[in-house]
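A.B. asks: Need coordinates for the following:
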Amino acid sequence: MSFLPIYNAFVAGSLLVCLFLWKISVLPIILFLFLVSLMWFWFDLSVVNLHYESAFWLFILSEVMAFGSLLVCCFWFDTCSFISLSSPLEIPFLGCFILLGSSITVTGFHHLIFWEHSWVLLFLTILLGASFVILQLFELNEIFINIFDSSFHASSFCTVGLHFSHVLLGVIGLSFILWLSPLTAGLYRCTLVTWYWHFVDYIWLFVYTFVYVC
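C.D. replies: Prediction:
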């Protein structure tokens, strides 16, 4: 039996607490722990040669439930008197174009994995994902609202923080494939990471709508 489920649960919980409370000083330690988990998982795939399609879709189902519950909280606690975290026509709106653009580049990469220059599309996806991370760091550092101000703002911070953690992990996963090279990583691993990135992209549209627009 692998130790990874318990280890990953502990690290993921620490990451979410760090992001919800915006304790960025702890973030490098947690990212290092995630990198150790990713490397061990990759080694496990190489040695045991197991496939995780069913586990992946169960993971996506659990993510839909997690994001769905937080988005329902945002909608439920929202009133006309509450101020959004940021203006919906500023940084969050730009983030929509960045993530949708990355969805196009990662789709091109997925269809052209065995092309010798497919790494260019992968690099563009990583660049767009990293740009989104930097934009959101800048946005959250400029916000004057606190997570303890209201239930709506607490739900909003948790939703944005959860999505931010997924984008960050997606960028790390894509960078790992770029480092190994797509041919070395193989079609199976590239497909899983591509599906994950599409999920992260499209979830942002719901986060943007519920947290910033509604």
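
A.B. asks: Skipping adjacent residues, who's closest to the residue positioned nearest the centre of the chain in space?
C.D. replies: Centroid-nearest residue in the chain, with CA atoms, centre = their mean: His166, separated by 1.8 Å. In this structure, His166 finds its nearest non-sequential neighbour in Val200, 4.8 Å apart by CB to CB, 6 or more residues apart in numbering. C-betas here are computed from N, CA, C, even on glycine.

A.B. asks: Helix or strand: which one has that neighbour?
C.D. replies: Taking DSSP states H and E as the definition, one finds Val200 inside helix 187-207.

A.B. asks: hmm, who's touching that helix?
C.D. replies: Outside of helix 187-207, the residues that reach it under the criterion CB atoms under 8 Å, 6 or more residues apart in numbering are 42, 45, 51-52, 56, 60, 63, 67, 71, 95-96, 99-100, 102-103, 106-107, 109-110, 113, 125, 129, 159-160, 163, 166-167, 170, 173-174, 177, 182.

A.B. asks: domains in this structure, as residue ranges please.
C.D. replies: Following the TED database, one finds the domains of the chain at 1-48, 52-213.

A.B. asks: what are the ranges of the helices in this protein?
C.D. replies: Using DSSP state H, the helices of the chain run over 4-20, 27-48, 53-77, 91-111, 118-142, 151-180, 182-185, 187-207.

A.B. asks: Tell me which of the ones you listed sits nearest to Ser84.
C.D. replies: With CB to CB as the measure, helix 151-180 is the member of the helices of the chain nearest Ser84 (7.5 Å).

A.B. asks: Next, the angle helix 118-142 makes with the closest one.
C.D. replies: 150 degrees (axes from the mean of the first three to the mean of the last three CA atoms, to 10 degrees).

A.B. asks: any low-confidence regions in the chain?
C.D. replies: Per-residue confidence for the chain (pLDDT under 70) gives these ranges: 1-5, 19, 24, 41-54, 79-82.

A.B. asks: re the thing from before, and the residue nearest to His166, how far from Trp57?
C.D. replies: 15 Å (CB to CB, to the nearest Å).

A.B. asks: So between the two, which is more surrounded?
C.D. replies: Neighbours per residue (other CB atoms under 10 Å) separate Val200 from Trp57, with Val200 holding more: 23 against 11.

A.B. asks: gap between the more buried one and Leu89?
C.D. replies: Taken as CB to CB, the spacing of Val200 relative to Leu89 amounts to 22 Å.

A.B. asks: what do you get for Ser103?
C.D. replies: Distance from Ser103 to Leu89, by CB to CB: 21 Å.

A.B. asks: Neighbour count for those two, which is higher?
C.D. replies: When neighbours are counted by other CB under 10 Å, Ser103 and Leu89 differ, and Ser103 comes out ahead with 19 against 10.

A.B. asks: Cheers, nothing more for now.
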